[in-house]
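Asks: Could you look at this predicted model? Sequence included:
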Amino acid sequence: MTTQPSETDRILVVDDEPDIVALVVYHLAKAKYRVSTAASGPDALALAKRERPALVVLDLMLPGMSGFDVLARLRQDPDTAGVAVLMLTARKDEPDRIRGLELGADDYLTKPFSPQELVLRVAAILRRVGTGGEAIDSLHIGPIRIDRSAHRVWVEDEELELTPTEYKLLLMLAERRGRVQARTHLLETVWEAAPDIQTRTVDMHVQRLRTKLGLAGELVETVRGFGYRLRAPGA
């Protein structure tokens with residue numbers, strides 16, 4: 001069964017190539033998404049803050065401000081920190097992909113691309129981060145509380161600002177608390193990653209997640225040579 005886009009699923013397309021923008025907008029609109037566009041980094045940041053899109057399709061080669069800079073600014077602003085980001089880039093070098101993922105991107109697609117694949121990746125990201133989802137309960141692991149219906153996380157009484165990928169990673173570890181999750185398994189399920197993405201992507205995201213969890217970050221344990229697990233306090 002295919003999940004239909006919600007009327008709240010607004011997509012912001014950021015690219016300075018009119019032909020690319022027209023192509024992406026056409027196929028996303030055809031798939032029933034509401035679409036806004038921006039041709040520069042400053043315009044993208046202003047629109048993202050004002051419209052709070054569910055996802056940003058972000059080109060890395062922008063005039064004046066690179067897509068990396070836009071991504072970093074999105075993640076730093078509490079109003080846009082949770083917006084999902086799909087990188088759209090002509091750069092195929094692994095360091096560029098790794099840098100984007102480390103900055104908090106949820107996926108990437110290289111040019112030239114299939115418009116149908118782009119629409120499918122957008123839908124997959126939105127399913128992962130919970131747009132239009134039906135999660136119904138909360139999880140409590142020590143001081144950590146996860147509201148799966150609202151996709152929000154607290155440590156004690158402080159709400160955390162997690163990226164969609166960080167939220168998905170924490171939720172998976174929490175739902176399987178006490179059990180070791182291999183890095184390759186996390187890549188396949190959290191990132192739906194291609195085999196050529198290195199597992200150090202997982203390590204970088206776990207490190208950032210631990211930092212955001214504060215003292216509760218010690219509950220995320222490294223199992224050397226294999227992966228990670230979230231232990232319950234006192235276990």
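Replies: Right, received. Where do you want to start?
Asks: For the helix-or-strand element of the chain with minimal mean pLDDT, name the packing helices and strands.
Replies: Here the helix or strand of the chain ranked lowest by mean pLDDT, DSSP states H and E is helix 94-102, holding a mean of 74. The contact analysis (3 or more Cβ pairs under 8 Å, 6 or more residues apart in numbering; DSSP states H and E) places helix 94-102 against helix 67-76, strand 84-89, strand 107-110, helix 200-213. (Glycine included, C-beta is placed from N, CA and C.)
Asks: what's the closest of the ones you listed to residue 143?
Replies: For residue 143, the closest of the helices and strands packed on helix 94-102 is helix 200-213, at 8.7 Å, according to Cβ to Cβ.
Asks: ranges for the strands of the protein?
Replies: Assigned by DSSP state E, the strands in the chain fall at 10-14, 34-38, 55-59, 84-89, 107-110, 138-141, 144-147, 152-155, 158-159, 181-182, 220-223, 227-230.
Asks: Go through the ones you listed and pick out the most buried.
Replies: Mean neighbour counts were taken over the strands of the chain using mean count of other Cβ atoms under 10 Å, and the top value, a mean of 27, falls to strand 55-59.
Asks: Please work out the angle formed by the directions of it and helix 67-76.
Replies: 160 degrees (axes from the mean of the first three to the mean of the last three Cα atoms, to 10 degrees).
Asks: List the pairing partners of strand 55-59 within its sheet, with orientation.
Replies: Its sheet considered, strand 55-59 pairs with strand 10-14 (parallel), strand 84-89 (parallel) by DSSP bridges.
Asks: how about it as CSV, C-alpha atoms only?
Replies: Extracted in CSV, the C-alpha atoms of strand 55-59 (Å, rounded to 0.1, in the frame of the first residue of the first chain):
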residue,chain,number,x,y,z
LEU,A,55,11.1,18.5,3.3
VAL,A,56,13.6,20.6,1.4
VAL,A,57,15.1,19.4,-1.9
LEU,A,58,18.4,21.2,-1.7
ASP,A,59,21.0,21.7,-4.4
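Asks: Might you report the residue contacts of the residue nearest the centre of the chain?
Replies: Central residue of the chain (Cα atoms, centre = their mean): residue 106, 3.4 Å from the mean position. When contacts are counted by Cβ atoms under 8 Å, 6 or more residues apart in numbering, residue 106 is found next to 55, 84, 85, 86, 125, 128, 129, 163, 164, 165, 191.
Asks: and the gap between the third one and residue 124?
Replies: Plainly put, residue 85 is 14 Å away from residue 124 if you go by Cβ to Cβ, to the nearest Å.
Asks: can you check the fourth one too?
Replies: Counting by Cβ to Cβ, the gap between residue 86 and residue 124 amounts to 10 Å.
Asks: residues shared between the contacts of these two?
Replies: With Cβ under 8 Å, 6+ apart, residue 86 and residue 124 have common neighbours residue 107.
Asks: Quick check: pLDDT value at residue 131.
Replies: For residue 131, the model assigns a pLDDT of 46.
Asks: From residue 201, how far off is residue 184?
Replies: Taking Cβ to Cβ, one finds residue 184 at 11 Å from residue 201.
Asks: Residue 181 now?
Replies: The separation that residue 181 has from residue 201, given Cβ to Cβ, amounts to 14 Å.
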